[in-house]
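Enquirer: quick one, structure for this:
(chains A and B)
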Amino acid sequence: MADSEDTQTSITSTNTITTPTPATDKDKSNLCILLNATGNVPIIKKRTWTVDPNKTVSWIQKFIHKYLKLDASEQIFLYVNQTFAPAPDQIIKNLYDCHGTNGKLVLYYCKNQAWG
Amino acid sequence: MAHDREVLRMIWEGQIGICFQADRDEIVGIKPEPFYLMISRLSYLPLVTDKVRKYFTRYIAAEHQDGAVWFDFNGTPLRLHYPIGVLYDLLHPEDDCTPWCLTIHFSKFPEDTLVKLNSKELLESHYMSCLKEADVLKHRGLVISAMQKKDHNQLWLGLINDKFDQFWAVNRRLMEPYGDQESFKNLPVRFYTDDDFTYTQKLISPLSESGQKKNLADLMAELSTPVRKAVGCRTHGIDLHEETQLQWLSEHFSYPDNFLHLSIDYKAI
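Expert: Got it, this is the predicted structure:
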C-alpha cells in the first residue's frame, strides 16, 4: 500500500500470497496486526498489516476510516480480541506485548459499539 | 484477596490540594481569585471540577462559556482520562508542598494532544474498558464477564460518589484470584518514566517460573536493561519498598481502574 504521494505512511500491507516486501531496519521493528471487520461495516480485504509500534489506536482508527472512505459523521470503534476498547492514545506496542497472540495483535473494527 | 482494609481505605482517601486559575486570555473584566479544592487522587478531572467550571464561567467571555473544558500545568495539557493522582505524581515536583496550580481553559481544546474524554458518559465508557482490560490480564476476562450490568454500575457510582463500601463490595471480586488459583495470571500495570504521559505495558506475572511470589525487586530487575537500572518505584505519592510482593501490590495499590500506575526511576549504568 505504498502510495507514491504517501511516502510517509508507515503502515504497509503484507499480502500472504506474494513475496513479502523487502525488510528495512525500520520494518524489522514493525508489529503485525490483524484487522477483522465486525457488524455492519465494509470489509478490508487485506487483513494483515505491519505497523510502527509507537502508532496509536487513534492512528489506526483514522487509517481505517480513510481506507473505507467513510463519512465524517461515521465513527470507527476498535476492540482488542473482542474483549475491550483501548483508549485512543494507547500505543500499539503496549497492546501487542500484553494481548498479542502468535506474533499478531488481533483487532476488531466496527461502526457501532460492539462489546461495550 | 485484598484483605488489608486499612490500606485500601488509606489509598481511597488520598487527596491532593489544587489551586485553579483562569486563562488570562479568556477573562473579561475583573480577574477572578484562584479557586482552591481538595480532590481525590483516584478520580478524573472532568468528574470533580463542575464547581470549578461554574465558578470561573462568570469571568470569561460569553462565547467561550460552553466550550470544551481542559486544564494545563505549566503549559502541559492534562490528560482528562488519567487518574488525577497519576497526573500529579508525574508532573508535580516531589518536594513541593504547595497546592498544585492548574489553569482552566474554556476554548482552544488541543484536539491533537488531548483525547476528548471529557464527559461523564465518555469517562464511564473509558473506565469500563480499563476494567475489562485489567480483568483480561488477571482472569482472562472471566470475572468481569460474569458480572451483571448493575455490578458495573455499582463500581462506577461508588467511584464518582466516593462510596468506599459500595465500590469494594464489587471490586473485591476483581481483586481475588480466579477459582482456586494462587494469584492473578498477569498483573495490570502501567509504567511511567520521568514526566512522560506515554506509559509502557508489559506482561508481568506475579509468580516467578518456579512458582515463587515475586516482589518489587524482581520487577525492577525485569525492567532494567544493560544501559539503565530501575532503582526506585513510586505510586500514590509513596516510595515503594522493594520487598513488597507484586500480587499484594496489585490487590491493594491499584487505582479504581484496576491498574497499578507505577513511576519508575532509572539510573544510567
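
Enquirer: got the buried residues for stretch B:136-150?
Expert: B:136-139, B:141, B:143-144, B:147 (16 or more other C-beta atoms under 10 Å in any protein chain shown). Using the backbone N, CA and C atoms, a C-beta is placed for each residue, glycine as well.

Enquirer: and those residues near chain A, which?
Expert: By C-beta under 8 Å from any C-beta of the partner chain, the members of the buried residues of stretch B:136-150 lying near chain A are B:136-137, B:141.

Enquirer: export those residues to JSON lines and tack on secondary structure and pLDDT?
Expert: Shown next, in JSON lines, are these (DSSP: H, G, I helix; E, B strand; the rest coil; pLDDT from 0 to 100):
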{"residue": "B:136", "secondary structure": "helix", "pLDDT": "97"}
{"residue": "B:137", "secondary structure": "helix", "pLDDT": "98"}
{"residue": "B:141", "secondary structure": "coil", "pLDDT": "94"}
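
Enquirer: which one of these sits closest to residue B:77?
Expert: residue B:137 (28.7 Å; C-beta to C-beta).

Enquirer: which residues touch the closest one?
Expert: Contacts for residue B:137 (C-beta atoms under 8 Å, 6 or more residues apart in numbering or on different chains) come out as A:98, B:184-188, B:203.

Enquirer: next one: residue B:100
Expert: Contacts of residue B:100 (C-beta under 8 Å, 6+ apart): B:16-19, B:73, B:88, B:92.

Enquirer: nearest to chain A, out of the residues you listed: which one, please.
Expert: Chain A has its nearest neighbour among the contacts of residue B:100 in residue B:73, at 17.7 Å by C-beta to the nearest C-beta.

Enquirer: surely the closest one meets residue B:91?
Expert: Yes - contact status for residue B:73 versus residue B:91: in contact at 5.3 Å, counting by C-beta atoms under 8 Å.

Enquirer: more neighbours, these two?
Expert: More neighbours surround residue B:73 than the other of residue B:73 and residue B:91, with 18 against 15 (other C-beta atoms under 10 Å in any protein chain shown).

Enquirer: okay, the more buried one: pLDDT?
Expert: Residue B:73 is assigned a predicted lDDT (pLDDT) of 96.

Enquirer: cool, and residue B:67?
Expert: Looking at residue B:67, the pLDDT reads 90.

Enquirer: run a quick neighbour tally on it.
Expert: 15.

Enquirer: for it, give me its contacts.
Expert: B:105-107, B:109.

Enquirer: with neighbour count, secondary structure and distance to residue B:83 added, can I get those residues in TSV?
Expert: TSV is the format used below for the contacts of residue B:67 (neighbours: other C-beta atoms under 10 Å in any protein chain shown; DSSP: H, G, I helix; E, B strand; the rest coil; distance: C-beta to C-beta, whole Å):
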residue	neighbour count	secondary structure	distance to residue B:83
B:105	22	strand	21
B:106	21	coil	23
B:107	16	coil	26
B:109	16	coil	21
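
Enquirer: and which of those is nearest chain A?
Expert: Using C-beta to the nearest C-beta, those come closest to chain A at residue B:109, 14.5 Å.

Enquirer: can you name the residues that contact residue A:99?
Expert: A:80-81, A:105, B:136.

Enquirer: for residue B:234, state which of the residues you listed is nearest.
Expert: residue B:136 (26.1 Å).

Enquirer: hmm, who's touching stretch B:111-123?
Expert: Contacts of stretch B:111-123 (C-beta under 8 Å, 6+ apart): A:58, A:87-89, B:44, B:46-47, B:68-70, B:77-81, B:109, B:126, B:160.

Enquirer: can you give me the end-to-end span of it?
Expert: 17 Å (C-alpha to C-alpha, to the nearest Å).
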